[in-house]
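K.L.:
coords below, sequence missing:
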């Protein structure tokens with residue numbers, strides 16, 4: 001929504017705060033050129049030549065991705081995203097499927113690629129896990145890069161920026177953001193995107209203030225306009241007055257000082273003023289992310305997602321490959337624990353090489369542990385690899401999408417069966433491995449007392465818990481405003497889970513995005529949560545906020561919020577509680 005500011009000529013636009021910070025620069029309005037590809041039939045004697053042309057384009061695209069990655073070594077999230085795009089392009093199954101279409105349908109490579117990528121795009125769009133659904137952007141970006149190479153076009157790039165510039169675009173891919181000159185770009189404004197998009201995550205990692213979801217930005221902001229981007233509040237000011245610019249520069253300097261202070265907190269204990277210790281852990285996709293966790297002061301791995309070992313490949317990973325990955329994570333987390341989640345994919349997204357099912361509503365169908373129990377051969381391999389890796393450190397196994405105790409009992413039976421197999425083979429094993437359950441559905445929250453008696457710990461996945469509790473698809477723009485982690489129903493569900501777990505002597509973690517919000521983290525600790533897990537860059541800021549409050553104050557704040565009837569009132573009171581604090 002846009003409105004005119006009080007100053008004549010000033011335009012105030014509002015969007016979603018996606019990457020923190022304040023940036024001031026001259027607008028560069030950028031419109032991406034979408035490639036148009038031909039569709040034509042091939043003469044039989046041209047088919048093999050066409051397939052070789054496609055393979056050559058794939059090799060060129062991989063070389064381009066490698067060239068983008070080289071200067072960004074050490075920026076873990078960028079490396080992870082570009083690695084995923086490289087895996088898509090390297091995927092033998094994808095390349096074979098395109099070649100098969102070229103041969104069987106006698107069509108050109110661009111046409112065959114377009115058909116295959118539309119299929120993959122639909123597959124990722126239907127994924128029930130929001131984090132995995134974001135990989136859809138990686139698929140599109142990889143496909144677009146490959147298509148441009150087939151057409152003989154150079155990939156679009158923002159060049160000759162004089163800086164400081166504010167990039168204004170309909171949308172930017174993670175790769176496009178990663179190629180921006182950080183010395184000349186002050187901020188980013190896009191019409192599309194969400195707070196959790198990979199574009200936002202990359203911008204955060206690169207320190208580029210970003211606001212997304214700004215309706216009409218490319219039409220309302222002109223090339224050369226001075227623009228202020230406030231990635232903390234979601235405000236965008238076009239054509240500000242000199243006084244407004246000076247005020248924003250002052251805020252920018254103040255915030256930079258705060259960031260330096262937050263980073264100093266990375267080495268300090270995560271505890272409240274009165275000594276309540278809270279374990280702050282990191283969410284990771286691969287062992288490459290562990291160095292960033294250590295640098296930002298994490299105490300272990302709170303969530304290792306195993307799905308990425310299975311995606312974009314022609315065969316599922318075997319036990320040895322999984323063991324190597326899990327062992328690396330466990331060793332990297334020592335002496336702290338590493339929580340490794342079993343496969344969390346839907347029935348229509350099971351590992352390559354295994355039968356798939358089509359479901360009308362995957363989000364409410366076979367997913368998470370339901371799929372693994374329906375396909376025990378998948379789970380057995382995972383559990384064998386995990387038990388072997390547990391001999392090298394403190395490994396905890398986490399079961400996703402639990403609805404009731406039957407799923408836990410069946411998983412534990414499989415775990416014990418696998419343990420006996422390994423012991424019989426003489427494999428070195430840990431004396432014990434903790435088993436935990438994710439609380440992501442209202443059903444699991446309602447029976448948390450029963451679940452707690454069956455496991456060693458509970459982990460609340462707030463992303464899905466929010467979605468299922470308020471019945472909102474956060475990717476649906478028409479109802480996304482209802483997706484709110486501060487909804488009273490969500491807070492009360494968290495409190496109920498904590499009380500039930502503690503009554504059974506079990507600790508509780510939160511590993512959703514809510515944990516990375518400093519103010520929300522205080523509320524979660526006030527509700528009794530023992531552990532918070534988040535992306536590495538969020539840890540110092542959360543730690544600083546927790547060290548500034550007492551446990552008594554956190555409990556008082558949380559108790560007051562539980563009594564409020566609406567998410568708006570909760571947000572207002574939380575805002576007042578931390579107004580003027582850092």
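P.N.:
Cool, the structure landed. Note that this is a predicted model, so its numbers are computed, not measured.
K.L.:
can you count the residues close to residue 520?
P.N.:
Applying other Cβ atoms under 10 Å, we find 22 residues neighbouring residue 520. Placement of C-beta: from N, CA and C, glycine included.
K.L.:
I'd like to know how far it sits from residue 14.
P.N.:
For residue 520, the distance to residue 14 (Cβ to Cβ, to the nearest Å) stands at 21 Å.
K.L.:
Over to residue 317?
P.N.:
Residue 317 sits 45 Å away from residue 14, taking Cβ to Cβ as the criterion.
K.L.:
Next: residue 209.
P.N.:
Going from residue 209 to residue 14 by Cβ to Cβ gives 15 Å.
K.L.:
same deal with residue 431?
P.N.:
Using Cβ to Cβ, one obtains 56 Å as the distance from residue 431 to residue 14.
K.L.:
Please identify which of those two sits among more neighbours.
P.N.:
residue 14 (17 against 6).
K.L.:
Check which residues of stretch 272-292 are buried.
P.N.:
Going by neighbour count (16 or more other Cβ atoms under 10 Å), the buried part of stretch 272-292 is 272, 276, 278-287, 289-290, 292.
K.L.:
from those residues, which is closest to residue 203?
P.N.:
Of all the buried residues of stretch 272-292, residue 292 has the smallest distance to residue 203: 16.3 Å, by Cβ to Cβ.
K.L.:
in the stretch 151-300 of the chain, which spans are strands?
P.N.:
Counting by DSSP state E, counting those that start in this stretch, the segments of the stretch 151-300 of the chain that form strands are 165-169, 185-190, 210-212, 226-230, 235-238, 279-284.
K.L.:
Who does the shortest one pair with, and is each partner parallel or antiparallel?
P.N.:
Sheet pairing for strand 210-212, assigned by DSSP bridges, gives strand 16-19 (antiparallel), strand 185-190 (parallel).
K.L.:
what's the spacing between the nearest residue to residue 338 once chain neighbours are set aside and residue 273?
P.N.:
In space, and not counting its chain neighbours, residue 338 is closest to residue 301: 4.0 Å by Cβ to Cβ, 6 or more residues apart in numbering. When distances are taken as Cβ to Cβ, residue 301 and residue 273 turn out to be 27 Å apart.
K.L.:
got it, and residue 180?
P.N.:
According to Cβ to Cβ, residue 180 stands 40 Å off from residue 273.
K.L.:
repeat for residue 98
P.N.:
Taking Cβ to Cβ as the measure, residue 98 falls 60 Å from residue 273.
K.L.:
Same check on residue 146?
P.N.:
In terms of Cβ to Cβ, residue 146 sits 54 Å off from residue 273.
K.L.:
same question, residue 515
P.N.:
Between residue 515 and residue 273 the distance is 20 Å, computed by Cβ to Cβ.
K.L.:
ok, now residue 336?
P.N.:
Remark: distance between residue 336 and residue 273 (Cβ to Cβ) = 24 Å.
K.L.:
what do you get for residue 564?
P.N.:
Computed with Cβ to Cβ, the distance linking residue 564 and residue 273 is 25 Å.
K.L.:
again with residue 330
P.N.:
For residue 330, the distance to residue 273 (Cβ to Cβ) stands at 33 Å.
K.L.:
what do you get for residue 527?
P.N.:
Using Cβ to Cβ, one obtains 18 Å as the distance from residue 527 to residue 273.
K.L.:
would you say residue 398 is within a strand?
P.N.:
Yes: judged by DSSP: H, G, I helix; E, B strand; the rest coil, residue 398 forms part of a strand.
K.L.:
Am I right that it is in contact with residue 437?
P.N.:
Yes: with contacts defined as Cβ atoms under 8 Å, residue 398 counts as touching residue 437 at a distance of 7.4 Å.
K.L.:
joint contacts of those two?
P.N.:
When contacts are counted by Cβ atoms under 8 Å, 6 or more residues apart in numbering, residue 398 and residue 437 have residue 459 as shared neighbours.
K.L.:
Residues contacting the longest strand along the chain, please?
P.N.:
Among the segments of the chain that qualify as a strand by DSSP state E, the longest is strand 22-30. With contact meaning Cβ under 8 Å, 6+ apart, strand 22-30 is reached by 158, 161-169, 185-187, 208-209, 218, 221-232, 238, 245, 248-249, 251-252, 255.
K.L.:
Okay, angle between that strand and strand 165-169 too, please.
P.N.:
Orientation of strand 22-30 against strand 165-169 (axes from the mean of the first three to the mean of the last three Cα atoms, to 10 degrees) gives an angle of 50 degrees.
K.L.:
Partner strands of strand 22-30, with direction?
P.N.:
Paired with strand 22-30 in the same sheet, following DSSP bridges, are strand 165-169 (parallel), strand 226-230 (antiparallel).
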